[in-house]
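Participant: need a 3D model of the sequence below.
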Amino acid sequence: MTSEKPRTQRKRLHEATIQTRHRLLGAHLDPDLVGKSKLRLPRALPVRRGDVVRVMRGGLRGKEGKVVSVDSRHGTAVIEGVTIQKTDEKKVPRPVHASNLMIIKMDDTDPWRRRKYEG
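Facilitator: Sure, this is the predicted structure:
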């Protein structure tokens, strides 16, 4: 973003294209995952359904689980086992922003992603 104004940043985020929103879904890779790879992996990759991630920030820090769904509109991911309790005592999934996650294990069911990142 080039502007420092919060209103302009919110506007640009709201009007962002699909490609830009996809880039904003990036989460850091685990250093062990990068070290094991034969290729030079980037520092961050967009989160996908099926990836195993760890929550790095917030009250849910340290929890790990598989990504169930990704919301590119809000830049969040829903993770198995990461829930909050509502006032009527129902447990609902808690969406976590992608920037607060670390990818521990990438989903390798997509042949393109497997070819590109796992050599």
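
Participant: how much space between the closest residue to residue 18 other than its chain neighbours and residue 111?
Facilitator: Setting aside the residues directly before and after it, residue 18 is nearest to residue 72 in space (CB to CB, 6 or more residues apart in numbering), at 7.2 Å. All C-beta atoms are positioned from the backbone trio N, CA, C, and that covers glycine. Distance of residue 72 to residue 111, given as CB to CB, to the nearest Å: 22 Å.

Participant: neighbour count: the two, which is higher?
Facilitator: residue 72 (17 against 8; other CB atoms under 10 Å).

Participant: buried residues, the longest strand seen in the chain. List them.
Facilitator: Ranked by residue count and defined by DSSP state E, the top strand of the chain is strand 64-71. For strand 64-71, the neighbour count (16 or more other CB atoms under 10 Å) marks 64, 65, 67, 70 as buried.

Participant: and stretch 52-67, by the same measure?
Facilitator: Of the residues in stretch 52-67, 52, 53, 54, 55, 56, 60, 63, 64, 65, 67 count as buried by neighbour count, 16+ other CB under 10 Å.

Participant: mean confidence score for stretch 32-40?
Facilitator: For stretch 32-40, mean pLDDT rounds to 74.

Participant: does anything pack onto the helix or strand of the chain with the lowest mean pLDDT? Which helices or strands?
Facilitator: Lowest by mean pLDDT, DSSP states H and E among the helices and strands of the chain is helix 111-118, with a mean of 77. On a contact count with 3 or more CB pairs under 8 Å, 6 or more residues apart in numbering; DSSP states H and E, helix 111-118 meets no helix or strand.

Participant: can you list the low-confidence ranges for this structure?
Facilitator: Within the chain, the ranges that satisfy pLDDT under 70 run 1, 37-39, 118-119.
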